[in-house]
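Undergrad: Have a look; sequence and predicted model below, questions after that.
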Amino acid sequence: MIERTPLSTPGDGPPAEPSPVDLGYDPWSPAFVADPYPALARLRDGPRALYDERTDQWLISRHADVNALLRDRRLGRTYHHVATNAEWGKPDPPAEEAAFWRLLDLQMIDQEPPDHTRLRRLVSTAFTPRTVDRLRPRIDEIASRLVDEAAALGEFDLIADLLELLPVSVIAELLGIPVADRASLRPWSGDMTLVFELNPSPDDRARAVRAGHDFEAYLRDLARERRRHPTGDLLSELALVAEAGDRLTEDELVGTAILLLNAGHEASVNGAANSWYALFRHPAALAELRADHDLVPTAIEELLRFDTPAPMFERWVLEEIEIGGIRIPRGQELALQFAAANRDPAVFARADELVLDRDPNPYLSFGAGIHYCLGAPLAKAEFDIVFRRILERLPRLELVEEPAWKPRFILRGLESLRVRA
Ligand code: HEM
C-alpha cells in the first residue's frame with residue numbers, strides 16, 4: 001500500500017502526476033535504449049520519486065537523490081538479511097531456478113553487512129589502486145598485442161576483435177582461468193546477466209539459468225583443482241581460504257568468482273564500446289583527444305558519465321523513507337537512474353555535452369557507498385591503457401556503419417562496432 005503526503009499546491013487537490021510511460025521511459029523499446037536521455041531528462045524534471053506500475057518500482061533520477069540514497073543504510077541491495085520472501089510479499093523462485101538464485105544471493109553485491117564486509121575484504125586487496133598499478137605492465141602487454149592484431153585486420157569489430165578481449169583476458173588471468181577455457185566466459189556472463197533486465201522473458205530466464213549452471217559447474221571443478229594444486233592466482237588463494245572453512249564456503253567462492261567474471265566482462269566491455277561510439281559521434285572531441293593524449297584520464301571518466309554502460313541499479317526500502325514529500329514504505333523497490341543523474345544540469349554544466357577535461361566530475365557510474373564498484377581502479381587502468389594504444393596505433397580509426405544496440409537496458413551495450421583502421 002503506497003502512502004503519499006499531499007503536495008501543498010493551490011487549487012483543487014494534488015496535481016495529476018505524469019506516468020513514466022507518458023514521459024517516454026520505456027526500457028523495453030529499442031528507440032529508448034538507443035537514446036534514453038530525452039526521456040530521462042523529462043523524468044528528472046518531474047517528481048523526485050515516480051511510481052512505475054509496470055515494474056512496481058519508484059524511479060529516482062536526480063543526482064542529489066541517487067547519490068544520497070546509494071549511501072543510505074535504510075536501503076539494501078537485498079532484503080534477505082531481514083525478511084523471507086514470504087514476509088516481504090514476494091514469491092520464492094520456481095524450483096528450476098532455486099539453485100541459480102541461491103548462487104546470486106551469495107555474491108557480495110547481493111549481501112549486506114556483516115557478510116558483505118567479510119566477502120569484500122577477502123578479495124579487496126586484489127583490486128586496490130596499488131595492486132592495479134603493479135598489473136599495468138601486464139595489461140599494457142595484452143592491450144598492445146590486441147591493438148596490433150586488430151590493426152592488421154584493416155576493417156574489424158572494435159568490440160569482438162579488441163575491446164572485449166582485454167577485460168576478459170585480464171580478469172581471467174587474475175583469477176587463473178586457463179587460456180583454452182576463456183572463450184566460454186563472455187557468453188556465460190552475457191546469458192547469466194539477462195535476468196538483471198527488467199521483467200525478463202521466460203526464454204531469457206531459462207537461458208540465464210542454463211548459463212549459470214554451466215558456469216558454476218566449471219568453476220567448482222576448477223576451484224577444487226586449484227585447492228589440490230594451487231597456482232598462485234586469486235582462485236587458488238580463495239580455494240585455500242575456503243578449505244580452512246571459517247571465512248568462505250565453497251559456494252561463496254564460486255559465487256564470488258562468477259561475480260568478478262560477470263562484472264569484469266559486461267560493464268567494462270560495454271563501457272569501453274559505448275565510449276568509442278560516443279567519440280565517433282563527436283568528431284571534435286575525438287580530434288581533441290587525438291591531439292592530446294594527456295586528456296585520456298579525465299576523458300575516460302567523462303565518457304563513463306556521458307553514456308554509462310549500467311544506467312540503473314535497484315534498492316529495497318528496508319525502513320520507510322521520504323523523498324520530496326512522498327513517503328515510500330518498507331518493502332518497496334527503488335530504481336536509481338544513474339544515467340539520468342549523470343546528466344543532471346544541477347550538478348554538471350553542459351551536462352549533455354562531452355567535456356573531456358571535466359574536473360571535478362562527480363559522475364555515479366561506479367556507484368557510491370558500501371557497494372562502490374570494487375573493480376573501478378582496474379576498469380580505469382584498462383581503459384587508460386587501451387585508449388592510449390588505440391589513439392597511438394590507430395590514429396585514423398573510423399566508424400564503418402551505424403551500430404545496433406542490444407535489446408537490453410540494465411547492461412546497455414552495442415551488438416558490434418564495425419570500424420576501419
Ligand atoms: C566500466 C566498468 C564498470 C562499471 C561501470 C561498473 C559499475 C559498478 C557499479 C555501479 C557497482 C555498484 C552497484 C550497486 O551499487 O548496486 C559495481 C559493483 C561491483 N563491481 Fe563494477 N563496474 C565496472 C567494472 C568492474 C570490474 C572490471 C570488476 C571486477 C573485476 C567489477 C567488480 C564489481 C564488484 C565485485 C562489485 C560489487 C561490489 C560490492 O557489492 O561491494 N566491476 N560496479
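TA: It's in.

Undergrad: tell me the contacts of the nearest residue to residue 345 once chain neighbours are set aside?
TA: In space, and not counting its chain neighbours, residue 345 is closest to residue 351: 4.6 Å by C-beta to C-beta, 6 or more residues apart in numbering. Using the backbone N, CA and C atoms, a C-beta is placed for each residue, glycine as well. The contact partners of residue 351, taken as C-beta atoms under 8 Å, 6 or more residues apart in numbering, are 343, 344, 345.

Undergrad: Could you look up the SS state of the residue lying closest to the first one once chain neighbours are set aside?
TA: When the adjacent residues along the chain are set aside, residue 343 lies closest to residue 351, with 4.6 Å between them (C-beta to C-beta, 6+ apart). The local conformation at residue 351, judged by DSSP: H, G, I helix; E, B strand; the rest coil, is coil.

Undergrad: pLDDT averaged over stretch 109-116, what's the number?
TA: Averaging pLDDT along stretch 109-116 yields 95.

Undergrad: Just the buried residues of stretch 199-210, please?
TA: If you call a residue buried by 16 or more other C-beta atoms under 10 Å, then stretch 199-210 has these buried ones: 200, 204, 205, 207, 208, 209.

Undergrad: Take these and keep only those in helices.
TA: Mapping the buried residues of stretch 199-210 onto helices (DSSP state H) picks out 204, 205, 207, 208, 209.

Undergrad: what's the most distant pair in the residues you listed?
TA: Of all pairs drawn from these, the greatest distance, 9.8 Å, lies between 204 and 209 (C-beta to C-beta).

Undergrad: got the residues of the stretch 101-250 of the chain near the ligand?
TA: 108, 109, 120, 167, 171 (C-beta under 6 Å from any ligand atom).

Undergrad: contacting residues for the residue lying closest to residue 21 once chain neighbours are set aside?
TA: Of all residues not flanking residue 21 in the chain, residue 54 sits nearest, at 7.8 Å (C-beta to C-beta, 6+ apart). With contact set as C-beta under 8 Å, 6+ apart, residue 54 has these partners: 20, 21, 198, 199.

Undergrad: And the residue of the stretch 101-250 of the chain that's closest to the ligand?
TA: Per C-beta to the nearest ligand atom, the residue of the stretch 101-250 of the chain with the smallest distance to the ligand is residue 109, at 3.8 Å.

Undergrad: what about that residue, how many neighbours?
TA: Neighbours of residue 109 under the rule other C-beta atoms under 10 Å: 20.

Undergrad: ok, it - contacts?
TA: For residue 109, the contacting residues are 77, 259, 263, 371, by C-beta under 8 Å, 6+ apart.

Undergrad: tell me the pLDDT at residue 280?
TA: Model confidence at residue 280, expressed as pLDDT, equals 98.

Undergrad: sorry, back to before: what separates the residue of the stretch 101-250 of the chain closest to the ligand from residue 286, distance-wise?
TA: Going from residue 109 to residue 286 by C-beta to C-beta, to the nearest Å gives 34 Å.

Undergrad: Can you name every helix or strand that the helix or strand bottoming out on mean pLDDT in the chain contacts?
TA: Scoring the helices and strands of the chain by mean pLDDT, DSSP states H and E places helix 185-192 at the bottom, with a mean of 90. Helix 185-192 sits against helix 165-175, helix 202-228, helix 250-281, with contacts defined as 3 or more C-beta pairs under 8 Å, 6 or more residues apart in numbering; DSSP states H and E.

Undergrad: quick one: the last one to helix 165-175, angle?
TA: Angular relation of helix 250-281 and helix 165-175 on a 0 to 180 degree scale: 160 degrees, by axes from the mean of the first three to the mean of the last three C-alpha atoms, to 10 degrees.

Undergrad: Could you dump the ones in helices among the buried residues of stretch 199-210 into a markdown table with pLDDT added?
TA: As requested, those are arranged in a markdown table below (pLDDT from 0 to 100):
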| residue | pLDDT |
| --- | --- |
| 204 | 94 |
| 205 | 95 |
| 207 | 95 |
| 208 | 95 |
| 209 | 96 |
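
Undergrad: My guess is residue 364 contacts residue 69. True?
TA: No - if you go by C-beta atoms under 8 Å, residue 364 and residue 69 don't touch, sitting 10.6 Å apart.

Undergrad: If anything else comes up later, I'll come back, but that's it for now.
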